[in-house]
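[1] Okay, here's the prediction I keep looking at, along with the sequence it came from:
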Amino acid sequence: MRITHGIQIALVATAVASCGGGGYGGPTSPGGGSTGAVGATITIRANGTVEPAEVNISVGQRVRFVNEDGRQHQPTSNPHLSHTDCPPMNLPIMNNGQSMNTGVFDQIKACGFHDHQNPDTESLRGTIRVGGAGGPAGPVYVRP
């Protein structure tokens, strides 16, 4: 069977697209990922605070989280337990000294986040403003 050049390109493009990257995909290693430059860095300091607690990025960018605390943290989107407000925000557990990039934020929105390991610790909460979004971020908890 003979495959023409155009079909080969389409097959390669399909294979590359199916390997991830972009959209609300999961975290990548620092500097990694084929789409979405890092627009801001948030550091979890040794005193259990996030710095800065609010950042502004453009649509199509990511945020890098750096854990400088001596314990594990898990930055996740509000509200606690469902983490559905801004899915690119949801990261796995980060150990001390580890850094991770969020997925790509592709909507203008104020995205609230908290530490899933410590959802009641106000100093581990913050807001990512995407595309100049104003107003409050979603609540940390949604009560029935």
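    Structure's in. What do you need? Residues are numbered from 1 along each chain as shown.

[2] in the protein, which ranges drop under the pLDDT threshold?
    Along the chain, segments meeting pLDDT under 70 span 1-35, 144.

[3] Can you tell me the element Pro119 falls in?
    Assigned by DSSP states H and E, Pro119 belongs to neither a helix nor a strand.

[4] I figured Cys111 was touching Gly126, is that so?
    No - using CB atoms under 8 Å, Cys111 is not in contact with Gly126, being 9.3 Å away. For glycine as for every other residue, the C-beta is placed from the backbone atoms N, C-alpha and C.

[5] of those two, who's got more company?
    Cys111 (25 against 21; other CB atoms under 10 Å).

[6] and the more buried one, what does it touch?
    Neighbour list for Cys111: Ser77, Asn78, Asp85, Cys86, Met89, Phe105, Thr127, Ile128, Arg129, Val130, Ala137, Gly138 [criterion: CB atoms under 8 Å, 6 or more residues apart in numbering].

[7] Identify the bridge partners of the closest residue to the second one other than its chain neighbours.
    It refers to Asn78. Distances taken as CB to CB, 6 or more residues apart in numbering put Gly112 closest to Asn78, at 3.9 Å, once the chain neighbours are dropped. Gly112 has these beta-bridge partners by DSSP bridges: Thr127.

[8] Out of the contacts of Cys111, the closest to Gly70 would be?
    Closest to Gly70 out of those is Met89 (23.4 Å), distances taken as CB to CB.

[9] Next one: the closest one from Ala46, what distance?
    Remark: distance between Met89 and Ala46 (CB to CB, to the nearest Å) = 23 Å.

[10] can you check Arg143 too?
    Counting by CB to CB - Arg143 and Ala46 are separated by 32 Å.

[11] One more: Ile93?
    Going from Ile93 to Ala46 by CB to CB gives 18 Å.

[12] So what would you say the end-to-end distance of stretch 93-109 is?
    Start and end residues of stretch 93-109 are separated by 24 Å (CA to CA, to the nearest Å).

[13] how distant is that stretch from the center of its chain?
    Computed by CA atoms, centre = their mean, to the nearest Å, the chain-centroid distance of stretch 93-109 equals 3 Å.

[14] Likewise for stretch 78-85?
    13 Å.

[15] Let's see the distance spanning it from one end to the other.
    6 Å.
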